[in-house]
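Novice: quick check, what structure comes out for this input:
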Amino acid sequence: MVDLLKMPIVITVQIDVVLAILTVLGIGSRLWGLQYPRAIVFDEVYYGQFVSLYMKQTFFIDDSGPPLGHMILALGAYLGGFDGNFAWNRIGAEYTGTVPVWNLRFFPALAGALCISLAYQIIVELKYSHTSALVAALLIMFENSLITQSRFMLLEPILIFFALLAVLSYLKFYNIQKNSSFSVKWWSWLFLTGTACAFAIGVKYMGLFTYLLLLAIAGVHTWKLIGDTTLSNVTVFYHIVARVCALLVLPIILYLGCFYIHLTLLYRSGPHDQIMTSMFQASLEGGLARITQGQPLELAYGSQITLRNTWSKPVPCWLHSHKNMYPIRYDGGRGSSHQQQVTCYPFKDVNNWWIIKDPGKQELVVSNPPRSVRHGDIVQLVHGMTARYLNTHDVAAPMSPQWQEISCYVDYNISMPAQNLWKVEIVNRETENEIWKTILSEVKLLHVNTSAVLKLSGTALPDWGYRQLETVGDKSSKVYHQNMAWNVEEHRYGKSEEQKERELEFQTPVQMDVSQNMSFMAKFLELQLKMLTLKNEETEHKYSSSPLDWINMDTNIAYWLHPSTNAQVQLVGNISTWSTATVGILVYTVLFLWHLLRQRRGICTIPKDSWEHLILAGAVCIGGWAVNYLPFFFMEKTLFLYHYLPGLTFKILLLPIILEHIHNHVLRSSVSRNTFSAVVLAWISSVYFVYQTFSPLTYGYPALSASQLTALRWKDSWDILIRKR
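Specialist: Okay, here's the model as predicted:
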């Protein structure tokens with residue numbers, strides 16, 4: 001032991017000098033002048049609002065994707081000391097001195113810079129030369145569109161970073177497996193693959209497609225491993241379990257973890273509360289929680305309640321009535337019941353209050369002790385402010401004649417008796433006690449006389465109904481739908497028998513002291529469902545485009561324009577790289593089919609290892625391009641050029657692979673190879689020339705003259721802004 005201590009401690013470090021230089025240059029290209037322009041640039045106006053809400057720990061929902069990307073941006077804001085106080089109201093607005101612009105833009109810029117070194121390593125792990133890896137890194141470095149997108153508070157560079165990290169980690173894991181399975185490195189790269197995949201999905205849902213691509217590649221490799229007879233059954237089983245844990249279980253855990261942190265941070269009521277259920281809203285501090293905290297949990301005969309429809313489409317709304325009657329005749333000449341209108345009103349209002357009444361008793365107050373309302377009970381619902389009973393007859397609804405009209409009964413002393421008995425059916429009684437509960441229970445109200453179910457049609461009434469939403473009685477549907485379910489949001493025990501006293505009671509806040517909690521999984525499932533189903537109203541945008549416009553960059557986006565000069569930031573790519581990358585996919589397809597046909601004819605054109613490397617490279621690069629591009633053809637959303645950048649990145653990675661393959665396996669003579677190398681060098685020079693030419697539009701500096709800007713309009717479809725003096 002003493003002799004061992006006398007021995008020198010030696011640490012051997014291997015540094016890829018080229019990779020280190022590329023990393024430094026990449027960081028410089030993305031972080032240089034990061035605070036310029038000190039104004040809101042394009043979608044910063046969108047993401048900045050969420051950053052401010054994080055700083056104030058206020059709940060929000062963004063239907064564009066999961067919260068990890070927003071949290072990374074918010075981390076930069078937090079490290080910069082941002083308090084969230086800034087009005088993100090328009091593109092081009094100047095940032096105040098309290099906004100840490102550099103910090104807000106740092107993480108996207110860093111992610112964009114690291115993509116350069118990731119590209120270099122991916123090519124090496126695909127078993128191509130370091131020269132090809134250098135070409136791939138340079139193409140990413142000098143891609144103007146990637147630089148522009150990386151220099152602002154946007155999510156695409158973070159998404160691309162995690163996607164490339166996932167690919168690199170899997171390739172390293174796959175290559176290590178051949179010699180040292182179950183080693184520390186093997187486990188590390190495998191679990192890093194699952195982690196990067198989860199984080200890619202956590203930034204934007206588009207990351208899911210890269211994850212599925214890697215799962216498919218891993219599945220093919222695992223299938224080959226199962227067929228390896230040199231491995232024992234136990235070893236194969238361990239391999240499969242390891243992949244399931246790292247590539248399936250771990251991403252799910254991490255994805256849930258992102259939402260756990262998100263929901264833990266955002267515990268205050270915010271502007272997006274109303275689209276969530278009453279239970280979710282009540283779990284937030286302030287807002288509805290302030291109103292409902294301490295409400296009685298169990299409903300009783302005599303309870304005063306507001307009923308919210310759980311569907312929340314087109315907007316959240318509450319069962320409502322007012323003194324106005326339905327018109328005697330609807331449009332088209334159909335007759336109505338001329339009873340009191342019952343609607344669904346999208347605002348909190350005193351006319352949303354109802355009283356649960358026992359049909360066998362006259363009292364409208366809660367007895368002592370309270371008699372709970374249970375699943376299957378027959379009740380009457382009395383409108384609080386007008387004291388009229390919720391009712392329906394076999395009369396067609398105003399906007400939906402296939403269903404029955406819902407009304408509050410008015411006795412006109414004609415042959416239309418009241419039909420105001422309703423059966424309470426607790427829809428989620430399998431998970432809740434059979435007693436009707438505030439917020440927790442979702443109930444269906446079934447009309448006793450006609451078997452019609454009270455539901456929200458979602459159609460707006462005409463002016464006579466104040467554009468409120470139509471409620472109907474549906475006795476034809478045999479399938480449950482969420483528009484049939486209602487939950488009690490506000491609840492108090494009624495104390496006043498006199499109508500005037502009750503009206504005052506409805507306008508008095510609840511003063512009791514009981515609270516409700518909601519589990520993380522319940523909140524996660526509801527939030528996830530809302531994010532997947534919530535659709536913002538589609539609007540045309542000046543710079544929106546279709547996926548077909550992206551292939552040859554027939555479009556651009558003006559991100560920012562200086563208020564007094566022609567200085568501007570444009571999302572426009574390196575046209576030399578874009579056009580060559582498109583050709584590269586066609587060349588790869590031709591080469592692949594050519595080699596495949598020759599092998600089918602028994603002609604060996606390339607070594608087996610080179611063929612396998614070519615197949616894997618195609619699966620990664622063309623597969624990565626396809627899964628990040630083709631899904632946009634099926635999406636009903638406003639699309640922009642920046643949506644193509646993840647696919648473009650994979651397409652660029654294919655170029656040096658094709659060039660090396662042509663040089664090594666297609667060209668035979670030294671003369672042709674030297675000539676080809678010279679052409680490639682000239683092409684790389686053209687890439688750098690285009691980068692330099694368009695750098696004033698990439699970095700927004702220096703300002704160009706009108707004639708210089710006109711000269712940069714290389715395509716008629718590009719919108720280069722020229723300020724008229």
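Novice: burial count for residue 692?
Specialist: 12 (other C-beta atoms under 10 Å). For glycine as for every other residue, the C-beta is placed from the backbone atoms N, C-alpha and C.
Novice: make that residue 640, sorry
Specialist: When neighbours are defined as other C-beta under 10 Å, residue 640 has 18 of them.
Novice: how about it, what does it touch?
Specialist: 541, 543, 544, 545, 557 (C-beta atoms under 8 Å, 6 or more residues apart in numbering).
Novice: so how far is residue 64 from the residue lying closest to the first one once chain neighbours are set aside?
Specialist: So the one you mean is residue 541. Distances taken as C-beta to C-beta, 6 or more residues apart in numbering put residue 638 closest to residue 541, at 5.6 Å, once the chain neighbours are dropped. Taking C-beta to C-beta, to the nearest Å as the criterion, residue 638 is separated from residue 64 by 11 Å.
Novice: what do you get for residue 230?
Specialist: 48 Å.
Novice: tell me which of those two has more neighbours.
Specialist: residue 64 (16 against 5).
Novice: could you confirm the more buried one falls within a strand?
Specialist: No. Assessed with DSSP: H, G, I helix; E, B strand; the rest coil, residue 64 is coil; it does not lie in a strand.
Novice: who's in contact with it?
Specialist: Residue 64 sits next to residue 204 when contact means C-beta under 8 Å, 6+ apart.
Novice: got the phi and psi for it?
Specialist: Note on residue 64: backbone dihedrals following degrees, to the nearest 10 are phi -80, psi -20.
Novice: same question for residue 163.
Specialist: The phi/psi pair for residue 163 (degrees, to the nearest 10) is phi -60, psi -50.
Novice: and the closest residue in space to it that isn't next to it in sequence, how far from residue 160?
Specialist: Once flanking residues are discounted, residue 163 sits nearest to residue 210: 4.4 Å by C-beta to C-beta, 6+ apart. Residue 210 sits 10 Å away from residue 160, taking C-beta to C-beta as the criterion.
Novice: please enumerate the shared neighbours of the two.
Specialist: Common neighbours of residue 210 and residue 160 (C-beta under 8 Å, 6+ apart) are residue 646.
Novice: ok, the two, which is more surrounded?
Specialist: Each of residue 210 and residue 160 has its neighbours counted (other C-beta under 10 Å); residue 160 has more, 31 against 26.
Novice: and the helix or strand in which that one is found, what other elements does it pack with?
Specialist: Assigned by DSSP states H and E, residue 160 belongs to helix 156-177. Counting contacts by 3 or more C-beta pairs under 8 Å, 6 or more residues apart in numbering; DSSP states H and E, helix 156-177 packs against helix 68-79, helix 101-125, helix 144-150, helix 184-203, helix 207-226, helix 608-627, helix 645-661.
Novice: send me that helix as CSV with only the CA atoms.
Specialist: Presented in CSV, the C-alpha positions along helix 156-177 are these (Å, rounded to 0.1, in the frame of the first residue of the first chain):
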residue,chain,number,x,y,z
GLU,A,156,-36.1,25.4,-32.3
PRO,A,157,-32.3,25.5,-31.4
ILE,A,158,-33.1,23.7,-28.1
LEU,A,159,-35.2,21.1,-29.9
ILE,A,160,-32.5,20.5,-32.5
PHE,A,161,-29.8,20.2,-29.8
PHE,A,162,-31.7,17.5,-27.9
ALA,A,163,-32.6,15.7,-31.1
LEU,A,164,-28.9,15.6,-32.2
LEU,A,165,-27.8,14.7,-28.7
ALA,A,166,-30.2,11.7,-28.7
VAL,A,167,-28.9,10.5,-32.1
LEU,A,168,-25.3,10.9,-31.1
SER,A,169,-25.8,9.1,-27.8
TYR,A,170,-27.5,6.2,-29.5
LEU,A,171,-24.8,5.9,-32.1
LYS,A,172,-22.1,5.9,-29.4
PHE,A,173,-24.1,3.3,-27.4
TYR,A,174,-24.4,1.2,-30.5
ASN,A,175,-20.7,1.3,-31.4
ILE,A,176,-19.6,0.6,-27.8
GLN,A,177,-21.9,-2.4,-27.7
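Novice: avg pLDDT for it?
Specialist: Taken as a whole, helix 156-177 has a mean pLDDT of 96.
Novice: ditto for stretch 480-488
Specialist: 89.
Novice: got the buried residues for that stretch?
Specialist: Going by neighbour count (16 or more other C-beta atoms under 10 Å), the buried part of stretch 480-488 is 483, 484, 485, 486, 487, 488.
Novice: where does pLDDT dip in the protein?
Specialist: Applying pLDDT under 70 to the chain picks out residues 1-7, 289-294, 415, 431-433, 500, 502-517, 535-539, 724-725.
Novice: show me which helix runs longest in it.
Specialist: helix 670-699 (DSSP state H).
Novice: in that helix, what counts as buried?
Specialist: The neighbour-count check on helix 670-699 (16+ other C-beta under 10 Å) flags 680, 684, 687, 690, 691, 693, 694, 695, 696, 697, 698, 699 as buried.
Novice: tell me the contacts of the second one?
Specialist: Meaning residue 684. Residues counted as contacts of residue 684 (C-beta under 8 Å, 6+ apart) are 135, 138.
Novice: same check, this time on the first one
Specialist: Contact analysis of residue 680 by C-beta under 8 Å, 6+ apart lists 135, 659.
Novice: so residue 315 lies in a strand, does it not?
Specialist: No. Counting by three-state DSSP, residue 315 is not found in a strand; it is coil.
Novice: touching, it and residue 344? I think so.
Specialist: No. Contact criterion C-beta atoms under 8 Å: residue 315 and residue 344 do not qualify, at 9.1 Å.
Novice: overlap in contacts of the two?
Specialist: By the contact definition C-beta under 8 Å, 6+ apart, residue 315 and residue 344 are jointly contacted by residue 469.
Novice: those two: which is more packed in?
Specialist: residue 344 (27 against 14).
Novice: so the more buried one: helix, strand or coil?
Specialist: Here residue 344 is recorded as strand under three-state DSSP.
Novice: does it really touch residue 456, like I thought?
Specialist: Yes. Contact status for residue 344 versus residue 456: in contact at 5.1 Å, counting by C-beta under 8 Å.
Novice: any shared contact partners between these two?
Specialist: Common neighbours of residue 344 and residue 456 are listed as 309, 317, 469, 470, 471 (criterion: C-beta under 8 Å, 6+ apart).
Novice: show me where the stretch 201-350 of the chain has its strands.
Specialist: Assigned by DSSP state E, counting those that start in this stretch, the stretch 201-350 of the chain shows strands spanning 303-309, 318-325, 340-345.
Novice: just name the most buried of these.
Specialist: Each of these was scored by mean neighbour count; the highest is strand 303-309, a mean of 25, by mean count of other C-beta atoms under 10 Å.
Novice: neighbour-wise, which of the shared contacts of residue 344 and residue 456 leads?
Specialist: Among the shared contacts of residue 344 and residue 456, residue 471 has the most neighbours (other C-beta under 10 Å), with 30 neighbours.
Novice: pairing partners for the strand or helix carrying that residue, with directions?
Specialist: Assigned by DSSP H and E, residue 471 falls within strand 469-474. Applying DSSP bridges to the sheet, strand 469-474 is found paired with strand 340-345 (antiparallel), strand 404-408 (antiparallel), strand 453-460 (antiparallel).
Novice: kindly reformat those strands as TSV containing distance to residue 533.
Specialist: Shown next, in TSV, are these (distance: least, C-beta to C-beta, whole Å):
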stretch	distance to residue 533
strand 340-345	19
strand 404-408	26
strand 453-460	14
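Novice: what about residue 98, distance to residue 575?
Specialist: 40 Å.
Novice: these two: who's more crowded?
Specialist: residue 575 (19 against 12).
Novice: show me what contacts that one?
Specialist: Residue 575 touches 553, 690, 714, counting by C-beta under 8 Å, 6+ apart.
Novice: can you check residue 403 too?
Specialist: 396, 397, 452, 457, 472, 473, 474, 475, 476.
Novice: in the sheet, who's paired with the first one?
Specialist: Same thing as residue 396. Applying DSSP bridges to residue 396 yields these beta-bridge partners: residue 404.
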